[in-house]
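1. only geometry, no sequence info:
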Ligand SMILES: NC(=O)CC[C@H](N)C(=O)O
């Protein structure tokens, strides 16, 4: 089946379809990971985005039961160089093509993804459409330029109602902006008694759950599209220890008076070096973001920059000077990996423990 990828700048890539035959439009972004396509396709932060993978062979280890990061994929489409028809792995249950057909998500293969990535790097993020081979590119470019990008991605992927993932440890309220299941796995692995709540839960509602800690998840889109979450964070800051990841980090920064901005082409991949400014240690991290906290906006807030990206110097971690709260722009839950930053979950739980201890001492005195 002939398909084409049409970009808003008029570039056309011809290729062969896999997955569903439906037409989609969305922001085209690239991910440089050599593996991890299953985690990428199920990461809700890609909601509505057309994802191209720079690694040239995709689908070679199939799709398995264990590596999903959400129940339903929210990304718009895959653009690849070559898709494997016959996956080979003992855990594989479906091919990528079968899975994408089942979930009604289109893909296009046979694309020069290196060229496509260079275009995105040069122009910055571009809108694109994946459509049939007969579509008129000029008309499609007009349509793409006329369509507005959606701003309700968090609403689309957040849970509709709160649910518990019980444990016998600390009570953590996990605010779901489109969380990767890896975050929940890390908390459950450490025995936490987790309650997952929807994105628009208010500060009063969060506090009414008597949390020992609050975790702000990752999620899709522009953090400024979720003002209700910024209000919630302002309302809980300083009352309960907090840890934020990716969108959670950006929302925390906005709640503390800093600013965020859209990056030219973002960070998406599994080997982004991040430096811890306190220890000087460098961690290789998994990343997926198109927005960033603006460095100059930190001055005048109560925030301190704790981590920076070594590739471009952008802000990767923040800490509050007075409140027990810290956040990172990258993914310590890894999935697909690497796991260098996994210890941040332990740091968060130590913080939760020490604040609980202080409260107990205070109550006893
Ligand atoms: N993974 C995330 O949480 C991404 C955050 C935000 N949507 C961004 O693109 O920057």
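-> All right, it came through fine. No experiment lies behind these values; they were computed from the predicted model shown. Numbers count the residues shown, from 1 in each chain.
2. interface residues of this protein facing the ligand?
-> Within the chain, the positions adjacent to the ligand are 45, 218-221, 246-247, 288-291 by CB under 6 Å from any ligand atom. Heads up, the C-betas are built off the backbone N, CA and C, glycines and all.
3. Pick out the residue nearest the middle of the chain.
-> residue 45 (3.8 Å; CA atoms, centre = their mean).
4. mind checking how far that residue is from residue 220?
-> Counting by CB to CB, to the nearest Å, the gap from residue 45 to residue 220 is 5 Å.
5. so what's residue 326 closest to, chain neighbours aside?
-> The shortest distance from residue 326 to any residue that is not its chain neighbour, by CB to CB, 6 or more residues apart in numbering, is 4.4 Å, and that residue is residue 319.
6. quick one, what contacts that neighbour?
-> When the contact criterion is CB atoms under 8 Å, 6 or more residues apart in numbering, the partners of residue 319 are 303-304, 306, 325-327.
7. Quick check: next helix or strand after the host helix or strand of it?
-> Remark: residue 319 resides in strand 315-320, with elements defined by DSSP states H and E. Taking DSSP H and E as the definition, the helix or strand that follows strand 315-320 towards the C-terminus is strand 325-328.
8. ranges for the helices of the stretch 151-300 of the chain?
-> Counting by DSSP state H, counting those that start in this stretch, the stretch 151-300 of the chain has these helices, from start to end: 153-157, 181-189, 203-208, 227-236, 247-255.
9. re earlier: what's the per-residue pLDDT of the residue nearest to residue 326 here?
-> We note a pLDDT of 98 for residue 319 in this prediction.
10. and residue 147, what pLDDT?
-> Reading off the per-residue confidence, residue 147 sits at a pLDDT of 87.
11. Counting neighbours, what do you get for it?
-> Residue 147 is surrounded by 13 other residues when neighbours are defined as other CB atoms under 10 Å.
12. same deal with residue 2?
-> Neighbouring residues of residue 2 were enumerated by other CB under 10 Å; the total is 12.
13. List the contacts of the residue nearest to it when sequence neighbours are not counted.
-> Distances taken as CB to CB, 6+ apart place residue 133 nearest to residue 2, at 3.0 Å, with adjacent residues excluded. Shown in contact with residue 133 (CB under 8 Å, 6+ apart): 1-4, 14.
14. what's the spacing between residue 133 and residue 119?
-> Plainly put, residue 133 is 20 Å away from residue 119 if you go by CB to CB.
15. try residue 248
-> When distances are taken as CB to CB, residue 248 and residue 119 turn out to be 31 Å apart.
16. of the two, who's got more company?
-> In this comparison of residue 248 against residue 119, neighbours counted by other CB under 10 Å, the higher total goes to residue 248 at 28 against 17.
17. residues touching that one, list them.
-> For residue 248, the contacting residues are 175, 177, 215-219, 327, by CB under 8 Å, 6+ apart.
18. Serialize these to a markdown table and add fields for pLDDT and neighbour count.
-> Rendered in a markdown table, the data for the contacts of residue 248 read as follows (pLDDT from 0 to 100; neighbours: other CB atoms under 10 Å):
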| residue | pLDDT | neighbour count |
| --- | --- | --- |
| 175 | 99 | 29 |
| 177 | 98 | 30 |
| 215 | 98 | 26 |
| 216 | 99 | 31 |
| 217 | 98 | 26 |
| 218 | 98 | 28 |
| 219 | 98 | 30 |
| 327 | 98 | 28 |
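19. Return the member of the residues you listed nearest to the ligand.
-> Within these, the smallest distance to the ligand is 3.1 Å, found for residue 218 (CB to the nearest ligand atom).
20. Could you give the bridge partners of the residue nearest to residue 326?
-> Partner residues in beta bridges with residue 319: residue 304, residue 326, with DSSP bridges as the criterion.
21. angle of the strand holding residue 319 against helix 247-255?
-> Using axes from the mean of the first three to the mean of the last three CA atoms, to 10 degrees, the inter-axis angle of strand 315-320 relative to helix 247-255 is 60 degrees.
22. Off-centre distance for strand 315-320?
-> Centroid separation between strand 315-320 and its chain, computed with CA atoms, centre = their mean, to the nearest Å, is 17 Å.
23. Kindly report the same for stretch 285-305.
-> Relative to the centre of its chain, stretch 285-305 is centred 15 Å away, using CA atoms, centre = their mean.
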